[in-house]
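J.: Below is the sequence, then the predicted model.
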Amino acid sequence: MSQYLPLLGILVVILGFALRFNPMLVVPAAALTTGLLAGFDLHEVIGKLGKAFNDARIIIVPYVVLPVIGLCERYGLQQRARAVIGSFHAATVGRLLILYLLYRQVISAIGLHSTAGHPQTVRPLVAPMAVAAAEKQTELNEETEEKVKAYSAATDNVGLFFGEDIFFAIGSIVLIQQTLEAYDIMLSPLELAVWAIPTAIAAFIIHGARLLMLDRTLAQPSPGRGGGAREARDGGDPLHPSPAASGPPPRAGEDKR
């Protein structure tokens, strides 16, 4: 029975997350619980925690990057991004996001998948530039603006997901290799990476087509975008003319001709 006591650390994790405690407190508490119940000394458990943190210290990189991004946004990063894209007359949402999709796939294919992402590039740069390009194509409402932002986030996801498998030294390739090896299918990581290239090309073509369709959707007039201005310019609805368009009503005794 005593050999199952260290599993109580899992219970600490479940209860901590269920009670919405701070994860930074829950995880060390679960580790201490597991270590002490396994018979380790307190100093030894703390030493192992410190060594694990030191070995995985790259996980604190986002805590350094995010304040930098916040300061850049505070001093007008999004506004400058919108101004830059607004200066290109041929820029559209689809063209901009296709270029970002290509960039995301290429850098992911060479292993630099952490150099871009939602907090690093999509929120402060790509999404504001896409919204600025959409404003040049149509009169934006809240629903359309959120749709453009969603396409920006989806473009990053597609580029990363289908681009990173081309880089053979990544965890997903190792997982695929180990899974296939369990069924006696022997493939090297390089072979798997090579066969990921056609999938990445297909993903680029399919998502690129979706982005071009988004451009066409934004270019089409809809009742909520500019319809009133066009009706005023054309004299209103021909089936239901307004009083201003049809002229004043004839006075009594006047010839209606």
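T.: Received it, and whenever you're ready, just let me know what you need.

J.: show me the contacts for the nearest residue to L7 once chain neighbours are set aside.
T.: Distance criterion C-beta to C-beta, 6 or more residues apart in numbering; nearest residue to L7, sequence neighbours excluded, is T34 at 7.9 Å. Every residue, glycine included, has its C-beta placed from N, CA and C. With contact set as C-beta atoms under 8 Å, 6 or more residues apart in numbering, T34 has these partners: P6, L7, L8, G9.

J.: Leaving out the residues flanking it, which one is nearest to the last one?
T.: Right, G9. Per C-beta to C-beta, 6+ apart, closest to G9 is T34, 3.3 Å.

J.: pLDDT averaged over the helix or strand containing the one you found - what is it?
T.: Element membership for T34 (DSSP states H and E) is helix 23-37. For helix 23-37, the mean pLDDT works out to 87.

J.: and it, how far from the chain's centre?
T.: 33 Å (C-alpha atoms, centre = their mean, to the nearest Å).

J.: Stretch 204-221 now?
T.: 17 Å.

J.: got the buried residues for that stretch?
T.: Neighbour counts using 16 or more other C-beta atoms under 10 Å place F204, H207, G208, R210, L211, L212, L214, D215, L218 of stretch 204-221 among the buried residues.

J.: So the first one: helix, strand or coil?
T.: Applying DSSP: H, G, I helix; E, B strand; the rest coil to F204 yields a three-state assignment of helix.

J.: residues contacting it?
T.: By C-beta under 8 Å, 6+ apart, the residues touching F204 are L101, L102, Q105, F162.

J.: Sort out for me which of these are in strands.
T.: In this view, the contacts of F204 have no member that belongs to strands under DSSP state E.

J.: Is the residue lying closest to V126 once chain neighbours are set aside part of a helix or strand, or is it coil?
T.: Using C-beta to C-beta, 6+ apart and skipping residues adjacent in sequence, the residue nearest V126 is S152, 4.9 Å away. Applying three-state DSSP to S152 yields a three-state assignment of helix.

J.: ok, S152 touching V122?
T.: Yes - taking C-beta atoms under 8 Å as the definition, S152 is a contact partner of V122 at 5.5 Å.

J.: Next one: the residue most central in space within the chain relative to P221, how far apart?
T.: Central residue of the chain (C-alpha atoms, centre = their mean): A153, 2.4 Å from the mean position. With distances taken as C-beta to C-beta, to the nearest Å, A153 is found 27 Å from P221.

J.: and what of F53?
T.: The spacing between F53 and P221, counted by C-beta to C-beta, is 57 Å.

J.: now swap in V131 and tell me
T.: Distance from V131 to P221, counting by C-beta to C-beta: 19 Å.

J.: For the contacts of T34, which single residue is the most surrounded?
T.: Most neighbours among the contacts of T34, by other C-beta atoms under 10 Å: G9, with 20 neighbours.

J.: Spit out the contact partners of that one.
T.: Contact analysis of G9 by C-beta under 8 Å, 6+ apart lists A30, A31, T33, T34, L37.
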